[in-house]
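Enquirer: Sequence first, then the predicted structure, then my questions.
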Amino acid sequence: MTPDEETLLRRAIELAAEARAAGDPPFGSLLADAGGRVLAEERNTTVTGRDISAHPELKLAVWAARELDPATAAATTMFTSCQPCGMCAGAIQRSGLGRVVYALSEGQLGELKPGGAAWPQVPQEGPALLDEARVPVEGYYR
Ligand SMILES: Nc1nc2[nH]cnc2c(=O)[nH]1
């Protein structure tokens, strides 16, 4: 990582501290273009906004998909104070962003939590009703 990239990652950590000071979980992220210019910044607002999806990484992925053309998105890097969770990683992939640089890994975050890293998995059941479920989907993707 270059010194300029370290500065961008430090800013993401600063946003995490701002989130915590505001009463939200301590996560912050930003998007930078290929020249290192900051395009957008966000912080976690899940508590103050009463929104379980209000992770900064997800908000920035949604913003990028709305506001950036695909070539610009692909040249954009997300700098984030912690490795994106599963929800955000999916959104980042869908947004077309080209790269993610994170500070703490999910494992390292887990070490800072009482009880450790693992997120309890919700049991999922399926597949089922395959013939019926495929009807609205068939032919949609071309
Ligand atoms: N990476 C990340 N992990 C989280 N875990 C809980 N909230 C967050 C968040 O906003 N970002």
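Expert: Nice, I can see it.
Enquirer: what's stretch 106-122 in contact with?
Expert: Residues outside stretch 106-122 that contact it (Cβ atoms under 8 Å, 6 or more residues apart in numbering) are 82-83, 85, 104. For glycine as for every other residue, the C-beta is placed from the backbone atoms N, C-alpha and C.
Enquirer: Which two among these are spaced furthest apart?
Expert: Cys85 and Leu104 (12.0 Å; Cβ to Cβ).
Enquirer: okay, these two: which has more neighbours?
Expert: The residue with more neighbours, out of Cys85 and Leu104, is Leu104; 18 against 15, by other Cβ atoms under 10 Å.
Enquirer: doesn't Ser81 make contact with the more buried one?
Expert: Yes - counting by Cβ atoms under 8 Å, Leu104 does reach Ser81; the two are 6.7 Å apart.
Enquirer: returning to what we had before: just send the contacts of stretch 106-122 back as a markdown table, with secondary structure, pLDDT and distance to Ala40 too.
Expert: A markdown table is the format used below for the contacts of stretch 106-122 (DSSP: H, G, I helix; E, B strand; the rest coil; pLDDT from 0 to 100; distance: Cβ to Cβ, whole Å):
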| residue | secondary structure | pLDDT | distance to Ala40 |
| --- | --- | --- | --- |
| Cys82 | strand | 97 | 18 |
| Gln83 | coil | 97 | 19 |
| Cys85 | coil | 95 | 19 |
| Leu104 | strand | 97 | 21 |
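Enquirer: Which ones, among those, also lie beside the ligand?
Expert: For the ligand, the contacts drawn from the contacts of stretch 106-122 by Cβ under 6 Å from any ligand atom are 82, 85.
Enquirer: Out of the contacts of stretch 106-122, which comes closest to His55?
Expert: Proximity of the contacts of stretch 106-122 to His55 (Cβ to Cβ) peaks at Cys85, which lies at 6.8 Å.
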